[in-house]
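**Student:** how does the following fold in three dimensions:
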Amino acid sequence: MTQGDLPAKRIELRSNVHGKIQSIPYDEFKKTFFPDLPKPLYKRPQRGVSKAAAPSKPKKAPAGPKPLFNSTEAYKLERDMYAQLTSALNKAALCKGFTFMATAYKSDPTDPGKLEADIGLYPDDTVKRLRDPKQRGGYIKGRTDWSTIEIIIECKKAATETDPFDETYDNDEANAVKRREALGQILSYAELVLNRQQRTHQYMILFIGVNARIVRIDRSGLVVTNRFSYVNNKTLVEFLRAYGEMHPSERGHDPTAVRLKPESEEVKRMKAAAKEMVEAATKAAKRKTATANQDNVAEDYVPEYVPQQFKDTLDEAYPWWKLTVNDESSAGTTKPRERHFLVAKPCFKAAGVVGRTTRGYIALEWENDKGAEEEGSSTEKTGTTPRKNTLVFLKDAWRVDSVAIDKEGATLQVLHKEKVRFVPTLVCHGDVPDQNTSVTVDLWEKNCSERKPLKPLKHHQHYRLVVKEVGKPLDKIKSGFDLLSAVYCALLAHSKAYEKGIIHRDISAGNILLYEDSRGRLVGLLNDWELSKKLSDQTETGRQPDRTGTWQFLSVHALNNPARTIAVQDELESFFHVILYHAVRLLPHSIPDHMVPQFLHDYFDDCTPDPMSGEAHCGHAKRSAIRAGSLDISSYQHVEKNTVQPNALLQFFWTDESKQVTAEDYPLNEFIATLLSWFAAYYSLHSSKKLAAPARRVATDPAKNEYLAMLFEEEEKEQEKEEKREEEVELNSGATANSSQPKVEKVEKQGNVETRAKNLETHQAMLDVMKQTLKKQWPQVPDAVKDKKPPFGWKPAADLVRTGSKRTSHLAGNDASGRTRKKTKA
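**Tutor:** Numbering: from 1, shown residues only. Presented below is the predicted three-dimensional model:
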């Protein structure tokens, strides 16, 4: 993320926490989050504070406590606050082992956005490294380090105009533009901390004029104190002393994640393993090429790209960790076995500060020299060595804790027991003990349950999952054939899981991976079964307060109805959106390259607010395409003066060694037209115009035929068995056309609405049309082009995060987005 992308990013972050903020009095905040600290803690004198600032026994009459800080009313600029506040906080010696440092002058070098915290609380042992070497005397000044900062402190000179929170609204979110921008600002800081550190929660302090707020953030939401004056008030002193007395886990540090020192044995082993495995993978690739037609391949085969990907994560500018997984996958054990994995920079980070906030790592398993099964083995032991180099994929997430949603690892175990292909292979999984968001959810239910416009918070549980396969993103395809074949694999996995009573519910671009099997063949993996559900647990309306799935790839129905229970038709539509998304980004087509970012925004990211509730619904471009059954791209094409631009449908081009061939020959065109006609029928609006079917060719590439045989072999065998069973039933029972035995309907691309809509009732019709498309002639050379999607996406033109309603009666007016604000009663 660059500085130019900050406004759009901060809008997204505000949307992420919308409806998940609660403001409470400081006393309730203290009672909730640090109730068990010894009482003398709150009666100690202020160590290191001058006699003028410390309370003392008065000779004549009792006097109130002297202020710890000067009033900011005398400050001309915000930066004038940094020196005074930093000096006063350090002089008070409030947090033993920590130092306050003004860091608004230099950003963290690992942050492309170049963001700086105004002031930060840092461990003493990091100050020397971060402190400005040119500074002599005075307050402590240095650079921001998001990987070690304990508390972020943001300073705002204005008393109200830049306060991110507003208790006069039912959702405690400020409405004014500058105040909403301030919320996005502090959330962007919080996201950087969560991305760099292993945190269960974090604290933040806001100085707003002569007032202050304390903020606590976890994956369920934000808890904020009401504004209090820090002049003539001991509240802030009390909080900081309490913070200094807390155990690291109470401050939000994950005790199952050990930060590795550069000189540690674990770090040395990670570097050595990366070097050894890259060399070994190169040699293995040569042997594989020589024996490509052999079936006897080692079970521990590792694709050539995996060691290199692991090596690329070993960025010394980021912290490296040893993470513990409490393995719940071993049957018959009373206590989960601890397994340890070494990781460096994550290869995937989900955006946002609340929610699942998933991070993905390529990990090296670490086993101690006394054996992994020894009871009571400690993660803090030194001098341990791994038995062998084993690279795996480790997922660290805060799963939704619901009785209706099984743990992802348990779902993978069921799928493998049922021999479902093209899903990851479980290594181990388990909840991280005593790490959940129940305290925030309980507080919300106590204070906010009567706020009818607000939805209940989700309960999140920290969870780690390790799988054998390390895949590549779907945008690494080299051709349109690669794209469709990978999605075919994922759709096949989805269909088999559905037959076994499990629905995925989060089909997206990030959840379909490319994986190279032991013979170098590129297949697709349907990943991330975290939100999957048993069909028997499905209800008529969804139980979760928010939509289930990824916005860009949700069906039109799911976007327009957040409470909708996801059905197979929604999932098939999501598969279609994934194919279209990557095809538009990576293949030649009729949209001008410079207009592709606009199309991606309009079709996948855009939304329209509900006229009554303001809730975001499906954008116009996706809704129009799905309901009309065609993709009109005339808005993205040049129009000559004094001419009328006719409707133009999206067409993909055939390329062969830079030679362009007619669009109708490219296999994806008929595939997209067929699927759109089905969706249009399903949405019961009108059928699309029949498109001329392109001429079919027979694939003659032997290697491709062998690959397709591998993909289709199991499916075709099952179909043959089913056909034989049906024939036997007809012969033995004299069955007629009225037989109750179900039959697979022939794929109908056109025809009446009912027939086409029926194709979406099962997976089979879509699998069949994908199979037919894959069997066609495709370009013999890689036809993927340079990605047309900007590195950081399209910048939205407006902030569509809706605001709340006033808790007390006020004059009606317009909010920041121009919508009329209604009067409400308290």
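
**Student:** Three-state assignment for residue 617, please.
**Tutor:** Assigned with DSSP: H, G, I helix; E, B strand; the rest coil, residue 617 falls in the strand class.

**Student:** and it, how far from residue 607?
**Tutor:** Note on residue 617: its distance to residue 607, by Cβ to Cβ, to the nearest Å, is 6 Å. For the C-beta atoms, the positions are set from N, CA and C on the backbone; glycine is no exception.

**Student:** now residue 224: closest residue in space that isn't a chain neighbour?
**Tutor:** Nearest residue to residue 224, sequence neighbours excluded (Cβ to Cβ, 6 or more residues apart in numbering): residue 23, at 4.7 Å.

**Student:** buried set for whichever strand or helix holds the one you found?
**Tutor:** Using DSSP states H and E, residue 23 sits in strand 21-24. By neighbour count with 16 or more other Cβ atoms under 10 Å, strand 21-24 contains the buried residues 21-24.

**Student:** in the stretch 201-350 of the chain, where is pLDDT below threshold?
**Tutor:** 285-300, 331-334 (pLDDT under 70).

**Student:** got the contact list for the residue nearest the centre of the chain?
**Tutor:** Among the residues of the chain, the one closest to the centroid is residue 350, at 2.7 Å (Cα atoms, centre = their mean). With contact set as Cβ atoms under 8 Å, 6 or more residues apart in numbering, residue 350 has these partners: 356-359.

**Student:** which of those residues sits closest to residue 474?
**Tutor:** Minimum distance to residue 474 across these is 16.7 Å, recorded for residue 358 (Cβ to Cβ).

**Student:** mind listing the helices for the stretch 551-700 of the chain?
**Tutor:** Ranges of helices in the stretch 551-700 of the chain, per DSSP state H, counting those that start in this stretch, are 556-560, 568-586, 596-600, 620-628, 667-682.

**Student:** picking up where we left off before, just the buried members of the contacts of residue 350?
**Tutor:** Buried members of the contacts of residue 350, counted by 16+ other Cβ under 10 Å: 356-359.

**Student:** and the residues you listed, which of them are in strands?
**Tutor:** Using DSSP state E, the subset of the buried ones among the contacts of residue 350 located in strands is residue 359.

**Student:** and the longest helix for this protein?
**Tutor:** helix 702-733 (DSSP state H).

**Student:** now for that one, which elements pack on it?
**Tutor:** helix 480-499, helix 764-774 (3 or more Cβ pairs under 8 Å, 6 or more residues apart in numbering; DSSP states H and E).

**Student:** let's see that with 7 Å instead.
**Tutor:** Packed against helix 702-733 by the contact rule (3 or more Cβ pairs under 7 Å, 6 or more residues apart in numbering; DSSP states H and E) you find helix 480-499.

**Student:** distance between the helix it packs on and the chain's centre?
**Tutor:** Here helix 480-499 shows a centroid-to-chain-centroid distance of 22 Å under the convention Cα atoms, centre = their mean, to the nearest Å.

**Student:** so which bits of it are buried?
**Tutor:** 480-498.

**Student:** next secondary structure after it?
**Tutor:** By DSSP H and E, the next helix or strand past helix 480-499 is strand 502-503.

**Student:** how about residues contacting that next one?
**Tutor:** With contacts defined as Cβ atoms under 7 Å, 6 or more residues apart in numbering, strand 502-503 is touched by 411, 532-535, 566, 571.

**Student:** restricting to C-alpha, output the strand holding residue 23 in CSV.
**Tutor:** Output of strand 21-24 as CSV, limited to C-alpha atoms (Å, rounded to 0.1, in the frame of the first residue of the first chain):
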residue,chain,number,x,y,z
ILE,A,21,-17.8,-0.1,18.3
GLN,A,22,-19.0,0.4,21.8
SER,A,23,-18.1,3.4,24.1
ILE,A,24,-18.3,2.8,27.9
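
**Student:** show me where pLDDT drops low in the stretch 51-200 of the chain?
**Tutor:** Within the stretch 51-200 of the chain, the ranges that satisfy pLDDT under 70 run 51-75, 137.

**Student:** picking up where we left off before, now do the buried residues in the longest helix of the chain.
**Tutor:** Per 16+ other Cβ under 10 Å, helix 702-733 contains these buried residues: 704, 707-708, 711-712, 715, 726.

**Student:** how far away is residue 324 from residue 430?
**Tutor:** 9 Å.

**Student:** check residue 220 too.
**Tutor:** Look at residue 220 and residue 430: by Cβ to Cβ, they are 21 Å apart.

**Student:** list the contacts for residue 478?
**Tutor:** The neighbourhood of residue 478, defined by Cβ under 7 Å, 6+ apart, consists of 782, 784.

**Student:** can you check residue 441 too?
**Tutor:** Counting by Cβ under 7 Å, 6+ apart, residue 441 touches 220, 457, 459.

**Student:** touching, the last one and residue 438? I think so.
**Tutor:** Yes - under the criterion of Cβ atoms under 7 Å, residue 459 lies in contact with residue 438, with a separation of 6.3 Å.
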